[in-house]
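# Here is a sequence with its predicted model. Questions after.
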2 protein chains.
Amino acid sequence: MSQPSTFAQLDPPSRLLMGAGPTNVHPRILRAMSYDVIGQMDPEMTAYMDEVMALYREVFRTKNHWTLLVNGSARSAIEAALVSLVSPGMKVVIPRFGRFGLLLTEIVHRCGGIPCTVDVEWGEVVDPARIEAAIIEHKPGLVACVHGDTSTTTAQPLEEIGRICRKHDVLFYVDATATLGGMTFETDAWNIDVATAGLQKCLNGPPGSAPITLSDRAVAAILKRRHDEAGIATGQPQGEGPVIQSNYFDLAMLMNYWSPARMNHHTEATSMLYAARETARLVVEEGVEARVARHVRAGRAMVAGLRAMGLKVYGDDTTRMSNVTGVWVPDGVDNARIRELMRDDFGIEIVSSFGPLTGKIWRIGAMGLNARKDKVLLTLAALDSVLAGEGVTLNRGAGVDAARAAWDAA
Amino acid sequence: MSQPSTFAQLDPPSRLLMGAGPTNVHPRILRAMSYDVIGQMDPEMTAYMDEVMALYREVFRTKNHWTLLVNGSARSAIEAALVSLVSPGMKVVIPRFGRFGLLLTEIVHRCGGIPCTVDVEWGEVVDPARIEAAIIEHKPGLVACVHGDTSTTTAQPLEEIGRICRKHDVLFYVDATATLGGMTFETDAWNIDVATAGLQKCLNGPPGSAPITLSDRAVAAILKRRHDEAGIATGQPQGEGPVIQSNYFDLAMLMNYWSPARMNHHTEATSMLYAARETARLVVEEGVEARVARHVRAGRAMVAGLRAMGLKVYGDDTTRMSNVTGVWVPDGVDNARIRELMRDDFGIEIVSSFGPLTGKIWRIGAMGLNARKDKVLLTLAALDSVLAGEGVTLNRGAGVDAARAAWDAA
């Protein structure tokens, strides 16, 4: 057998990631991952796990004890939440205003639940009164909702839905992947029972570890379905509810692993835990409110710049996400070619969208490390040059100037 | 609100990890994780994904096209394999000779399958004739088997079981988490249809990314259950079989993400992909056979050393794993205290086991970077001092000398 190739040494290009995520990772987080691992039951490791719980309580704005990590991408925590909460045959009300509402529907269906969807056109948000009507009609066990759906760059207001869920004693799950740390998100004040996220958006960490927080109400529901794995059970009381149909995503067992019992489950992804810890430290150091304000300022500057260039911004100003802006591809312009020129000539990534918006809009993010004046201005300057080069009539230079002014005025 | 604590800067202790995994991570792999991420559809990123597929074909000793990563711990790939292969009501024959056979049973049960177990005492292995009898009796859709079960430090011979499965046209899944790269493992030559692993054992990578390889037979079975997610479906033919009950672990969708179609699924854990790529490059550079030989040599030296000290090694020499050695805790010795002294005085981690072996044996690994003469000798020297200090009668110094001699004689 000839010697197989080992390919070249890793050497990824340096990009400015202004798409919908992942975004560039903060150097302190990259350095955290370069520490060697320690044993999963080492006292230093379990102390780090406890610190991670405390740090993400701050990030999620909650007092929930059970605030921990699922080992996988943001989607892994969505599935962990839904598979642990949704029993076969349970009805789940799902407001849908973009692709990630479709994802929640899909996962609920695979968990054996019955999705009861409340749909609006992409770009709009759902009137909470319709959620209340759906709760009264379907008597669901859960309402599952995306906060910011990056596919439409639109954020669903949640506070009123939280009040409605509590009033009708229905659990409330929110996918905060795209907004946590970049938009105001109040787990406790908004009566959210379970929230999940990823690290790779406004938190400027790497994808692959997913924070989750669980209210006491949610924990009580999950513990009714507690069935410890044979061979490692701790002897604690087992639940009478149906077995959770996933072992890896069984939050009852994950809580035991993150408790002083330290019931062995998976091997915690040590390097990603180091990354998640450093990610949250950066958020808490900056302050959640200051961080959100920075994202809002960057988003407003981006919108002002795109409009001043002469482009049409997608969606509604009142429900726009702070951290990802949609903008219509001008008539006659090749969406993919513009993205390629942005990448090849300027090293900047912007992206398109999904489903009905495929190729119709670009999505330009300003998240985490990149929710900063310089990154917004450089992106607009590059786009100005690329679009003009492709023959688009623009107010040359006006976008950058307007964004500078908008940032300075904030 | 008072300023919340951000805790101290990350500073994990330097340990020599001689337990059952994770083991110390190779510095080249730690450095790979310190590169910033790039976009998931960046051509450089998708090229890295293709290279990862090629590299793990070498590691798994297979020509299987579908050789990729599941984003999670080793257990995540086990669940991805089982949930994608096991339809509700399907019978699955599971040889059980330790804790991880219990885990396979548990996951099959949660997938709605019917486990048909073939049990032996912990420390023994299963006679392939019993597997064939179980296949004839139960007519299963799958045989699911652990290769090396670290709970008992015992490895099940697989070649004959593979022949039997092929003869009866039953799919064969193997959990190679604890052995890949440290014991001979031949996916194709042994007729294994699906094999999974983690990075954190003999591959000396970090936990949190899980390689998997799928034969054409397995792929055909999985594609019968293909149901693309709404909103991102590629228009390719959908399967008529039952929907896979997990979205995150749906291998049909994962294959599409890892194909030129690049159907969006999760956001690939970029930093862990960098780590997985560097992990496999190190294996291919060394050569799989040379790496296995190094583990075998280290394991033999460890066994020789433990015996020369006067300790009783657990299990059978003919089915012993090369990379983790079990040794009985001498009568009257406090198992936990010895482990603490090893850690506190020498910075070396060794571990105990699970279930009936809890506190009865220590498990001492020599894996990956640590399957080396110096690491084996230092561990034995430390254990010699610690046990003697606790009043155990030993042949002082004999363990280290015997291990040195065994290594040099190999």
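On my side now, so go ahead.

# Does residue A:327 fall in a helix, a strand, or a coil region?
The three-state label given to residue A:327 by DSSP: H, G, I helix; E, B strand; the rest coil is strand.

# Count the neighbours of it for me.
When neighbours are defined as other C-beta atoms under 10 Å in any protein chain shown, residue A:327 has 22 of them. C-beta: built from backbone N, CA, C; applies to glycine.

# And residue A:7, how far from residue B:341?
44 Å (C-beta to C-beta, to the nearest Å).

# Which other helices and strands does the helix or strand harbouring residue A:404 contact?
For residue A:404, the host element (DSSP states H and E) is helix A:398-409. With contacts defined as 3 or more C-beta pairs under 8 Å, 6 or more residues apart in numbering or on different chains; DSSP states H and E, helix A:398-409 has these neighbours: helix A:288-309, helix A:373-389.

# Is residue A:211 in a helix, a strand, or coil?
Three-state call for residue A:211 (three-state DSSP): strand.

# Dig out what it forms beta bridges with.
Note on residue A:211: beta-bridge partners by DSSP bridges are residue A:69.

# is it true that it touches residue A:194?
No: using C-beta atoms under 8 Å, residue A:211 is not in contact with residue A:194; the gap is 11.5 Å.

# and the residue nearest to residue A:121 when sequence neighbours are not counted, what is it in contact with?
Distances taken as C-beta to C-beta, 6 or more residues apart in numbering or on different chains put residue A:97 closest to residue A:121, at 8.0 Å, once the chain neighbours are dropped. The neighbours of residue A:97, taking C-beta atoms under 8 Å, 6 or more residues apart in numbering or on different chains as the test, are A:119-126, A:146, A:149, A:152, A:154, A:156.

# can you put those in a markdown table and add secondary structure and pLDDT?
Shown next, in a markdown table, are these (DSSP: H, G, I helix; E, B strand; the rest coil; pLDDT from 0 to 100):
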| residue | secondary structure | pLDDT |
| --- | --- | --- |
| A:119 | strand | 98 |
| A:120 | coil | 97 |
| A:121 | coil | 96 |
| A:122 | strand | 94 |
| A:123 | coil | 93 |
| A:124 | strand | 96 |
| A:125 | coil | 97 |
| A:126 | coil | 98 |
| A:146 | strand | 98 |
| A:149 | strand | 96 |
| A:152 | coil | 95 |
| A:154 | strand | 97 |
| A:156 | coil | 98 |
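
# Now list the buried members of those.
Neighbour counting by 16 or more other C-beta atoms under 10 Å in any protein chain shown classes A:120, A:122, A:123, A:124, A:125, A:126, A:146, A:149, A:152, A:154, A:156 among those as buried.

# Present the residues you listed as TSV; the columns should include distance to residue B:227.
Output for the buried ones among the contacts of residue A:97, formatted as TSV (distance: C-beta to C-beta, whole Å):
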residue	distance to residue B:227
A:120	25
A:122	23
A:123	27
A:124	28
A:125	29
A:126	26
A:146	21
A:149	22
A:152	24
A:154	27
A:156	27
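
# Can you tell me which of those residues lies closest to residue B:373?
residue A:146 (55.0 Å; C-beta to C-beta).

# Give the bridge partners for the closest one, please.
Counting by DSSP bridges, residue A:146 is bridged to residue A:175.

# all strands for the stretch 1-150 of chain A, in order.
Assignment of strands within the stretch 1-150 of chain A using DSSP state E, counting those that start in this stretch yields the ranges A:16-17, A:66-70, A:91-96, A:114-119, A:142-146, A:148-149.

# Low-confidence bits of chain A, can you list those?
A:1-3, A:231, A:234 (pLDDT under 70).

# Would you map out the domains in it?
Domain assignment for chain A, taken from automatic domain parsing, gives A:27-285, A:288-409.

# mind checking how far the longest one is from the chain centre?
Looking back up the chat, that one is domain A:27-285. Put simply, domain A:27-285 sits 10 Å off its chain's centre (C-alpha atoms, centre = their mean, to the nearest Å).

# ok, now the shortest one?
The gap between where domain A:288-409 is centred and where its chain is centred comes out at 20 Å by C-alpha atoms, centre = their mean.

# Spatially nearest residue to residue A:369 (excluding sequence neighbours)?
residue A:204 (4.5 Å).

# okay, the helices and strands packed on helix A:398-409 in JSON lines with distance to residue A:397 and mean neighbour count next?
Output for those, formatted as JSON lines (distance: least, C-beta to C-beta, whole Å; neighbours: other C-beta atoms under 10 Å in any protein chain shown):
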{"stretch": "helix A:288-309", "distance to residue A:397": "9", "mean neighbour count": "22"}
{"stretch": "helix A:373-389", "distance to residue A:397": "7", "mean neighbour count": "20"}
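
# Ok, which of these comes nearest residue B:349?
Shortest separation from residue B:349 across the helices and strands packed on helix A:398-409 is recorded for helix A:288-309, at 36.7 Å, computed as C-beta to C-beta.

# right, is the closest one up against chain B?
No: with C-beta under 8 Å from any C-beta of the partner chain as the criterion, chain B is not reached by helix A:288-309; the gap is at least 9.5 Å.

# Dump the C-alpha coordinates for that helix into PDB.
What follows is helix A:288-309 as a C-alpha-only set of coordinates in PDB (Å, rounded to 0.1, in the frame of the first residue of the first chain):
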ATOM      1  CA  VAL A 288     -24.700  41.800  29.200                       C
ATOM      2  CA  GLU A 289     -26.500  45.200  28.800                       C
ATOM      3  CA  ALA A 290     -23.400  46.900  27.400                       C
ATOM      4  CA  ARG A 291     -22.900  44.100  25.000                       C
ATOM      5  CA  VAL A 292     -26.400  44.200  23.800                       C
ATOM      6  CA  ALA A 293     -26.200  48.000  23.400                       C
ATOM      7  CA  ARG A 294     -23.000  47.500  21.300                       C
ATOM      8  CA  HIS A 295     -24.900  45.100  19.000                       C
ATOM      9  CA  VAL A 296     -27.800  47.500  18.700                       C
ATOM     10  CA  ARG A 297     -25.500  50.300  17.800                       C
ATOM     11  CA  ALA A 298     -23.700  48.200  15.100                       C
ATOM     12  CA  GLY A 299     -27.000  47.000  13.700                       C
ATOM     13  CA  ARG A 300     -28.400  50.600  13.400                       C
ATOM     14  CA  ALA A 301     -25.200  51.700  11.700                       C
ATOM     15  CA  MET A 302     -25.400  48.900   9.200                       C
ATOM     16  CA  VAL A 303     -29.000  49.600   8.400                       C
ATOM     17  CA  ALA A 304     -28.200  53.300   8.000                       C
ATOM     18  CA  GLY A 305     -25.300  52.600   5.700                       C
ATOM     19  CA  LEU A 306     -27.100  50.100   3.500                       C
ATOM     20  CA  ARG A 307     -30.000  52.500   3.000                       C
ATOM     21  CA  ALA A 308     -27.700  55.500   2.300                       C
ATOM     22  CA  MET A 309     -26.000  53.400  -0.400                       C
END
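
# quick check: angle from that helix to helix A:373-389?
Interaxial angle, helix A:288-309 versus helix A:373-389 (axes from the mean of the first three to the mean of the last three C-alpha atoms, to 10 degrees): 20 degrees.

# Show me what helix A:288-309 is packed up against.
Looks like helix A:288-309 contacts strand A:324-328, helix A:373-389, helix A:398-409 (3+ C-beta pairs under 8 Å, 6+ apart).

# just so I know, which of these lies nearest residue B:313?
Residue B:313 sits nearest to strand A:324-328 of all these, at 58.8 Å, using C-beta to C-beta.

# Just the C-alphas of the closest one, formatted as PDB.
Extracted C-alpha coordinates of strand A:324-328, given in PDB (Å, rounded to 0.1, in the frame of the first residue of the first chain):
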ATOM      1  CA  VAL A 324     -28.000  40.300  11.400                       C
ATOM      2  CA  THR A 325     -29.400  42.600   8.700                       C
ATOM      3  CA  GLY A 326     -31.200  41.400   5.600                       C
ATOM      4  CA  VAL A 327     -30.900  43.500   2.400                       C
ATOM      5  CA  TRP A 328     -32.600  42.800  -1.000                       C
END
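
# on that earlier part again, distance to residue B:367 for the strands of the stretch 1-150 of chain A - can I get that in CSV?
Shown next, in CSV, are the strands of the stretch 1-150 of chain A (distance: least, C-beta to C-beta, whole Å):
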stretch, distance to residue B:367
strand A:16-17, 36
strand A:66-70, 25
strand A:91-96, 44
strand A:114-119, 45
strand A:142-146, 42
strand A:148-149, 43
